[in-house]
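Participant: sequence first, predicted coordinates after that:
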Amino acid sequence: MPDYDKCYDPFLLPNMSKATKRLIEANKKQEKIVIYGDYDIDGLSAATLINSAFDSFGFKNHDVYIPNRFEEGYGLTIEAIEKFAEGGVALVVAVDCGTNSVKEIARAKELNIDVVVIDHHEPIVKNTLAAALVNPKLPDSKYLFKDLAGVGVTFKFVQALRTKLTGISPGQEKWLLDLVAIGTVCDVVELVDENRTYVYWGLKVLKKTRRPGLKALMSISNVDPDKLSAYSIGFRLGPRMNAAGRVETAKHALKLLNTKKPMQALETAEYLEALNKTRRFEQNKIFKEAIIQAEEYEKDSVLVVSATDWNHGIVGIVASKLMEKYKKPSFVLQEMGDETKGSARSFGDFSVVDAVNHCKKLIKKGGGHKFAAGLTLPTKNIPAFRKQINDYYKDLNLKNQKELFLPKIDATAKLDELNEEVVEMISQLEPFGIGNPEPIIKCENLIVARIRKMGDDGQHVKLDLRDGSGRLMQFLSFNAPASYYLEIGEKVSVCFTPGINEWRGNRAVEGQIVHIEILE
């Protein structure tokens, strides 16, 4: 069990003392403050967290601003800063963005607005104009853990403020960990060190959350609070909240997180469910079209595909699916006249944020993390960008990257050795995610006894596999590849993660398929 009390001193983060002093001054003067967040879940949860903390600390004049992905794009904008100045804003607190916003912060300074940045993105440029820039990834950072999500850094900021202001008693900041868990899991950072601690305790808070919006979303998503896990956040709650910013505006998700009215919470959760269905439809359409283009560039080590009618709010998910299918870093872009926007996903030793920075002469702006990045570039530069990014990959001389997709077997077992006790022992290792993957078990020499297709398009498969003694166990694969649609009587070895299936009062161990090998 992770020990919350052993988490690191927040004042070890770069510029944390400067940041807290500026907020203490703002609190004394009751200055007008804008919390400026990103439109993804990490940014939304960070903005909600600090907004809630400001209420507790007695800040009287603060508001949250979330940019529109389609009208404003990512991060701070000069237009927004100028609007804040007209409204008498004295301080902007940028969460999950701002590290590389040099021009925007310079404009704020001209307009007598201070900007405090609480972020975790990779620094690409030197930013010295912020009143304080708190980021564990700054070159001079001595913080012992670099991979906090944006909401994680924001939580450290609240921890620091709690030592200087009244309003949150020692230990009571833990009630904010439901938001930290949501943002951390959905931003797909490594669930190790502080991230693991915050998600572990955050899941416990989320199970008894006081937020009507999260209660409603769990109900709409068919998530049982008593069985809540990192998987529930990443694949149930997260996609529904993210759908708001991908399809319309993230303000719908912000309303869900902040509402105190149960009926409004339910109505908003239902609307997010409808948006998520729209998102899935558009995503499937784009993915099918992206596959056609990917086949045209099959010799490329890095895939760069684009079209005019691909929603750039959804292309990031498609980039992930393309990467998984072809085992290649993938850029998926929407051409919008003279300008193109898109997202990239990667794995292994290829950093897309470094790659984007390498191609900075061809792009207008870009940034992100090692495995996920966004960029904007002139449409006419797409062919040159495709060539340069592939040349960059070739020059790195990376070895055996595709092998990283092969499952790492933690144990081999026979079907009669898999019981509820084993599953319960494995569950003690949660929360699972990057850096702390769910253990994978391999069973060999099984016979296919039954196969069933599920889903609207038969995209999911359920297999009954039998061992030599006649014992049966069910295995499932969602969005199964064609190779999983086996024939009755075929002999296979299967790699899977075990779980418990409950149906009409009956409980049985079942496997979530990771990989199947057909035996001779």
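Facilitator: Arrived safely, thanks for sending. Here the structure is a predicted model, which means the values were calculated and not measured. Numbers count the residues shown, from 1 in each chain.

Participant: can you name the residues that contact residue 92?
Facilitator: For residue 92, the contact set (Cβ atoms under 8 Å, 6 or more residues apart in numbering) comprises 33-34, 36, 76, 81, 84, 108, 113-116. Bear in mind the C-beta positions are built from the backbone N, C-alpha and C, glycine included.

Participant: can you check residue 420 too?
Facilitator: Counting by Cβ under 8 Å, 6+ apart, residue 420 has contacts 500, 507, 509.

Participant: assign a three-state SS to the last one, would you?
Facilitator: Read it as residue 509. strand (DSSP: H, G, I helix; E, B strand; the rest coil).

Participant: would you mind measuring from it to residue 9?
Facilitator: Residue 509 is 44 Å from residue 9, where distance means Cβ to Cβ, to the nearest Å.

Participant: neighbour count winner among those two?
Facilitator: residue 509 (17 against 13; other Cβ atoms under 10 Å).

Participant: not counting its neighbours along the chain, what's nearest the more buried one?
Facilitator: residue 418 (5.0 Å; Cβ to Cβ, 6 or more residues apart in numbering).

Participant: and if you look at residue 412?
Facilitator: Leaving aside its sequence neighbours, residue 412 sits nearest to residue 442 (Cβ to Cβ, 6+ apart; 4.8 Å).

Participant: ok, what's across the strand from the one you found?
Facilitator: residue 412, residue 495 (DSSP bridges).

Participant: residue contacts, it?
Facilitator: For residue 442, the contact set (Cβ under 8 Å, 6+ apart) comprises 409, 411-413, 493-496.

Participant: now residue 199
Facilitator: Taking Cβ under 8 Å, 6+ apart, one finds 180-181, 184-185, 191, 230, 431, 433 in contact with residue 199.

Participant: out of the residues you listed, which sit inside helices?
Facilitator: Applying DSSP state H to those, the entries found in helices are 180-181, 184-185, 230.

Participant: among the residues you listed, who's most crowded?
Facilitator: Neighbour counts for those peak at residue 184, which has 33 neighbours (criterion: other Cβ under 10 Å).

Participant: and the pLDDT at it?
Facilitator: pLDDT for residue 184: 97.

Participant: circling back to that earlier point, hang on, isn't the residue nearest to residue 509 packed against residue 473?
Facilitator: Yes: look at residue 418 against residue 473 with Cβ atoms under 8 Å: they come within range, at 7.0 Å.

Participant: what touches both of those two?
Facilitator: Taking Cβ under 8 Å, 6+ apart as the contact rule, residue 418 and residue 473 both touch residue 509.

Participant: mind checking the end-to-end distance for stretch 186-193?
Facilitator: 17 Å (Cα to Cα, to the nearest Å).

Participant: likewise for stretch 174-194?
Facilitator: End-to-end distance for stretch 174-194, by Cα to Cα: 13 Å.

Participant: could I get the buried residue list for it?
Facilitator: Buried positions in stretch 174-194, judged by neighbour count with 16 or more other Cβ atoms under 10 Å: 174, 176-191, 193-194.

Participant: mind checking which helix or strand of this structure has the lowest mean pLDDT?
Facilitator: Lowest on mean pLDDT, DSSP states H and E among the helices and strands of the chain sits strand 365-368, with a mean of 89.

Participant: can you list contacts of it?
Facilitator: Under the contact criterion Cβ under 8 Å, 6+ apart, strand 365-368 has outside partners 74-75, 99-100, 121-122, 124, 344, 352-353, 356-357, 360, 373-377.

Participant: chain center to the helix or strand following it, what's the gap?
Facilitator: Using DSSP states H and E, the helix or strand that follows strand 365-368 in sequence is strand 372-378. Here strand 372-378 is found 17 Å from its chain centre; the criterion is Cα atoms, centre = their mean, to the nearest Å.

Participant: likewise stretch 262-280?
Facilitator: Between the centre of stretch 262-280 and the centre of its chain there are 19 Å (Cα atoms, centre = their mean).

Participant: was I right to think residue 10 contacts residue 156?
Facilitator: Yes: here residue 10 reaches residue 156: they are 4.0 Å apart, a contact under Cβ under 8 Å.

Participant: for residue 46, give its distance to residue 100.
Facilitator: Distance, residue 46 to residue 100, by Cβ to Cβ: 17 Å.

Participant: err, residue 16, not the other one
Facilitator: From residue 16 across to residue 100, the span is 20 Å (Cβ to Cβ).

Participant: quick one: low-confidence ranges for the stretch 401-520 of the chain?
Facilitator: When residues are selected by pLDDT under 70, those of the stretch 401-520 of the chain lie in 520.

Participant: and the strands in it, which stretches?
Facilitator: Assigned by DSSP state E, counting those that start in this stretch, the stretch 401-520 of the chain shows strands spanning 411-412, 441-454, 460-466, 472-477, 491-503, 506-518.

Participant: residue 298: neighbour count?
Facilitator: Neighbour count of residue 298, defined by other Cβ under 10 Å: 9.

Participant: distance from stretch 121-135 to the middle of the chain?
Facilitator: Chain-centre distance of stretch 121-135: 22 Å, with Cα atoms, centre = their mean.

Participant: buried stuff in that stretch?
Facilitator: Of the residues in stretch 121-135, those buried (16+ other Cβ under 10 Å) are 121-124, 127, 129-135.

Participant: now do stretch 431-450
Facilitator: Buried residues in stretch 431-450, defined by neighbour count with 16+ other Cβ under 10 Å: 431-433, 436, 438, 440-443, 446-448.

Participant: and for stretch 421-432?
Facilitator: Quick answer for stretch 421-432 (16+ other Cβ under 10 Å): 422-423, 426, 430-432.

Participant: okay but residue 104 is in contact with residue 74, surely?
Facilitator: No: with contact defined as Cβ under 8 Å, residue 104 does not reach residue 74; the gap is 11.4 Å.

Participant: overlap in contacts of residue 10 and residue 156?
Facilitator: residue 16.

Participant: higher neighbour count, those two?
Facilitator: Neighbour count, other Cβ under 10 Å: between residue 10 and residue 156, residue 156 has more, with 26 against 22.

Participant: how about the more buried one, secondary structure?
Facilitator: helix.

Participant: ok, now which ones touch it?
Facilitator: Applying Cβ under 8 Å, 6+ apart, we find residue 156 in contact with 10, 13, 16, 134, 148.

Participant: next step: those residues restricted to strands.
Facilitator: residue 134 (DSSP state E).
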